[in-house]
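Chemist: below is the structure, and that's it, no one-letter string:
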């Protein structure tokens, strides 16, 4: 009996020691990890890790927050090789690359513009890897380019759009995009009145994909990505309706293993902010 009693004690001690090193998978009473208190019956818990902070369509990239290797879109394609993706617009050169999913959304936007009689678009730049970005920076200098990892072009989500008729600040293509790009998930990333916030001068050609409903909220409020991410941190949830569809956007601070709420029914999408949090969009 003494031998069995000793074994029971050993097993209990081993179990306690192992439990101390298990990842935090969430606790219904852990309000520091779960937004808005307890989890509703319509919600489930999902454990996310720090890596997810650096992945998604809402990553903030600037002089303070660089692109991580895991931040680069995994579906980068050379547009010239994909005739199905290059319809209704031109390419400045045959080496331009972009996220395939973003290229599909760009095609939808160009087709809509064509219906409005605006149809002289071209892409002058898309995705650049770190090596290409550093070479450009060394050749052109800081007045023209950013160092590797500090440019949105290193993500695969941004592109420079031009017009074959005139410069974008005056071209019908530029004016149409500034008014309508948000409907297709794109934003004018560096507006003329937000230089103090973005740190980048006005670039009427530089558009960034963030997806709906984020582009709609940014457009409606007249803000930029930096301000939008701050807004999400300040509010527990933001809800909006776009084309009859209701969206709810929630922000969660992430540190190590963190539990977040996701709906049991319906659809959701997550994105990191490239800083310290994760955004959950339900629809």
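Modeler: Sure thing, it's come through. These figures come from a predicted structure and were not determined experimentally.
Chemist: contacts for whatever helix or strand residue 122 lives in?
Modeler: Assigned by DSSP states H and E, residue 122 belongs to strand 121-125. By C-beta atoms under 8 Å, 6 or more residues apart in numbering, the surrounding residues in contact with strand 121-125 are 79, 88-92, 96, 98, 106, 110, 113, 153, 159-164, 173, 205. From N, CA and C alone the C-beta is placed, and that goes for glycine too.
Chemist: and with 6 Å instead?
Modeler: Residues outside strand 121-125 that contact it (C-beta atoms under 6 Å, 6 or more residues apart in numbering) are 89-92, 96, 110, 159-160, 162, 164, 173.
Chemist: give the pairing partners of it; include direction for each.
Modeler: Strand 121-125 has its sheet partners listed here by DSSP bridges as strand 89-91 (parallel), strand 158-163 (antiparallel).
Chemist: buried members of the contacts of strand 121-125 into ChimeraX, please.
Modeler: Selecting only the buried entries of these in ChimeraX, with 16 or more other C-beta atoms under 10 Å as the criterion:
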select :89,96,110,159,160,162,173
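Chemist: which of the contacts of strand 121-125 sit farthest apart?
Modeler: Greatest spatial distance in the contacts of strand 121-125: 96 and 173, 16.9 Å, computed using C-beta to C-beta.
Chemist: next, work out how far apart the closest residue to residue 224 other than its chain neighbours and residue 152 are.
Modeler: Spatial nearest neighbour of residue 224, chain neighbours left out: residue 194 (4.7 Å); criterion: C-beta to C-beta, 6 or more residues apart in numbering. Here residue 194 is placed at a distance of 15 Å from residue 152 (C-beta to C-beta, to the nearest Å).
Chemist: ok, then the element right after the strand holding residue 122?
Modeler: As assigned by DSSP H and E, the chain's next helix or strand after strand 121-125 is helix 130-140.
Chemist: could you list the buried residues of that next one?
Modeler: Neighbour-count burial for helix 130-140 flags 130, 132-134, 136-137 (criterion: 16+ other C-beta under 10 Å).
Chemist: in CSV: the residues you listed, plus pLDDT and distance to residue 278.
Modeler: Below are the buried residues of helix 130-140 laid out as CSV (pLDDT from 0 to 100; distance: C-beta to C-beta, whole Å):
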residue, pLDDT, distance to residue 278
130, 97, 25
132, 94, 29
133, 95, 26
134, 95, 29
136, 92, 31
137, 92, 30
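Chemist: pLDDT below threshold where in this protein?
Modeler: The chain contains residues with pLDDT under 70 at 1-42.
Chemist: what about the helices in it?
Modeler: Taking DSSP state H, the helices of the chain run over residues 2-20, 100-115, 130-140, 172-180, 195-198, 214-221, 225-234.
Chemist: nearest to residue 266, out of those?
Modeler: helix 214-221 (17.8 Å).
Chemist: can you name the residues bridging to residue 44?
Modeler: Listed by DSSP bridges, the beta-bridge partners for residue 44 are residue 262.
Chemist: what about it, how many residues close to it?
Modeler: By other C-beta atoms under 10 Å, the residues close to residue 44 number 13.
Chemist: follow-up on the earlier one: and residue 194 and residue 152? which has more neighbours close in?
Modeler: More crowded of residue 194 and residue 152, by other C-beta under 10 Å: residue 152, with 25 against 19.
Chemist: which non-adjacent residue is nearest that one?
Modeler: residue 158 (4.0 Å).
Chemist: roughly how far apart are that neighbour and residue 99?
Modeler: Going from residue 158 to residue 99 by C-beta to C-beta gives 10 Å.
Chemist: and residue 80, by the same measure?
Modeler: 15 Å.
Chemist: so residue 277 makes contact with residue 251?
Modeler: Yes. With contact defined as C-beta atoms under 6 Å, residue 277 counts as touching residue 251 (5.4 Å).
Chemist: how about the contacts made by the closest residue to residue 68 other than its chain neighbours?
Modeler: In space, residue 68 comes closest to residue 54 once its chain neighbours are excluded; the distance is 4.3 Å by C-beta to C-beta, 6+ apart. By C-beta under 6 Å, 6+ apart, the contact list for residue 54 reads 68, 70-71, 272, 274.
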